[in-house]
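Enquirer: how does the following fold in three dimensions:
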Amino acid sequence: MSERIAFLGIGLMGAPMAERLVAAGRDVVLWNRTRTKAEAITGARVAATPAAAAAEADVLITMLETGPVVEAVLTDKNANVQSLLNQADQDGGRWDRWTHLTGPTGVMNGDPSAPAVAAIYAFGGRDFDLPRAYRSLLAAATVPTPADRSRSGCPVLCVGERPGLDQWLKLHYMPVGAPGWGSGADTLELAAADFGVAQLARYTGDKANERRFLERSGWWRNLFNPRSAYIQPRNADGSWPAFDPASDDEFVEGSGADCLELFPAPADTDAQRQPALGEVVDGGQHLGGQHGRAMRHHHDRQDEAKLLRQRGDIGRGRQLLQPCGRGAGRELAASGIGIF
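Expert: Residues are numbered from 1 along each chain as shown. Sure, this is the predicted structure:
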């Protein structure tokens, strides 16, 4: 099979070169800022964007005017979205979580593509196929696939785009034991993903799905236990298993205590009081005792590290937080490591 060639730039030099490639029987896809110039070459396909032209190419040829033009074409922020969409099309509709170089890896949890695409659009990235990207992400968020139901690759390399989607749609949270990395973290991730889908629905004028996915983005509340005042893992039957706020069980690179800081108690809960420090309520120990001391010590270190950062002493701040790195696990999974 002959090499597939993407040719970017069909001008005075590019046009005759592309024509010779086509005449030689090569499989050529063209892109040009003025599309009609590319369409004038018979026998070649024409792509809507540089990313679309390069998506399946073995060889990329640029024949553009200047260095800045080449840079603008090759670093186009819109091309990131179009490339992800093209890759999803090639992978049966599955958007990857952590694409590396030219291929998907499946690393991490959640479904970050919808929020990422929505953010790029909100910040002015418009030169990609928004309706098609939205339809693809909507389908991925609506119809569970065999890969979504599979535990293959889990916890870190789950093969599904939305592992456990069937249970998310049924229970409105990710239960303990569902496919994925950690049910607490996966619930928060999917809530954020659904908010991204809601924004894409708004951008495309789909009011019904905008309302639907905005409601779904609030399902994280179903892991808020009003008795313990924590977001904590939950069983499929609705019960609360034993819970340690300082543990990373059912969370990813964090803990229940970290999530308490990120998500305040929902205003629509019926929590009447805050449990006393150390009180065991519905399987969860409120932040007190040894774990409370550990977390308070950690927060003191965070505050000191942030102050050092503001003063420009980045190195000392990093050393201060080093004992609380991502591998701390059960001792303490610190949410503040990423501040540097």
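
Enquirer: if I read this right, R97 contacts P115, doesn't it?
Expert: No - here R97 does not reach P115: they are 11.8 Å apart, not a contact under C-beta atoms under 8 Å. To be clear about C-beta, it is placed using only N, CA and C from the backbone, and glycine gets the same treatment.

Enquirer: centroid-nearest residue for the protein?
Expert: P112 (1.5 Å; C-alpha atoms, centre = their mean).

Enquirer: how near is the closest residue to that one other than its chain neighbours to V143?
Expert: Spatial nearest neighbour of P112, excluding adjacent residues (C-beta to C-beta, 6 or more residues apart in numbering): R97 at 6.0 Å. Distance, R97 to V143, by C-beta to C-beta, to the nearest Å: 18 Å.

Enquirer: which one of these two is surrounded by more residues?
Expert: Shown here are R97 and V143; by other C-beta atoms under 10 Å, R97 has more neighbours (19 against 13).

Enquirer: circling back to that earlier point, so who does the residue nearest to the centre of the chain touch?
Expert: With contact taken as C-beta atoms under 8 Å, 6 or more residues apart in numbering, P112 is in contact with R97, E189, A192, A193.

Enquirer: if we go to 10 Å?
Expert: Contact analysis of P112 by C-beta atoms under 10 Å, 6 or more residues apart in numbering lists W95, D96, R97, W98, E189, A192, A193, G196.

Enquirer: for it, what are phi and psi?
Expert: Main-chain dihedrals, P112, degrees, to the nearest 10: phi -80, psi -10.

Enquirer: picking that back up, contacting residues around the residue nearest to P112?
Expert: 104-113, 157-158, 161, 189.

Enquirer: what residue ranges in the stretch 201-340 of the chain are flagged as low confidence?
Expert: Applying pLDDT under 70 to the stretch 201-340 of the chain flags the ranges 261-340.

Enquirer: and the helices in the chain?
Expert: Here the chain has its helices, by DSSP state H, at 14-23, 35-39, 50-54, 67-74, 77-90, 113-122, 130-142, 146-149, 165-171, 183-203, 207-216, 256-262, 289-310, 314-321.

Enquirer: closest one to A246 among those?
Expert: helix 289-310 (3.9 Å; C-beta to C-beta).

Enquirer: just put the contacts of R97 in JSON lines and tack on pLDDT and distance to W181.
Expert: Listed next are the contacts of R97 as JSON lines, based on pLDDT from 0 to 100; distance: C-beta to C-beta, whole Å:
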{"residue": "P104", "pLDDT": "84", "distance to W181": "17"}
{"residue": "T105", "pLDDT": "88", "distance to W181": "14"}
{"residue": "G106", "pLDDT": "90", "distance to W181": "11"}
{"residue": "V107", "pLDDT": "92", "distance to W181": "10"}
{"residue": "M108", "pLDDT": "92", "distance to W181": "8"}
{"residue": "N109", "pLDDT": "93", "distance to W181": "4"}
{"residue": "G110", "pLDDT": "93", "distance to W181": "9"}
{"residue": "D111", "pLDDT": "95", "distance to W181": "12"}
{"residue": "P112", "pLDDT": "93", "distance to W181": "13"}
{"residue": "S113", "pLDDT": "93", "distance to W181": "17"}
{"residue": "L157", "pLDDT": "94", "distance to W181": "10"}
{"residue": "C158", "pLDDT": "96", "distance to W181": "7"}
{"residue": "E161", "pLDDT": "96", "distance to W181": "14"}
{"residue": "E189", "pLDDT": "94", "distance to W181": "9"}
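
Enquirer: what's the closest of these to L84?
Expert: Distance to L84 across the contacts of R97 (C-beta to C-beta) is lowest for S113, with 6.3 Å.

Enquirer: my guess is the closest one contacts P104. True?
Expert: No - here S113 lies out of contact with P104, judged by C-beta atoms under 10 Å, at a distance of 11.1 Å.

Enquirer: overlap in contacts, the two.
Expert: Both S113 and P104 are in contact with L84, A88, R94, W95, D96, R97, E161, where contact means C-beta under 10 Å, 6+ apart.

Enquirer: any of those buried? List them.
Expert: By neighbour count, with 16 or more other C-beta atoms under 10 Å, these hold L84, A88, R94, W95, D96, R97, E161 as buried.

Enquirer: with adjacent residues omitted, what lies nearest to the fourth one?
Expert: In space, not counting the residues next to it along the chain, W95 is nearest to S113; the distance is 4.0 Å by C-beta to C-beta, 6+ apart.
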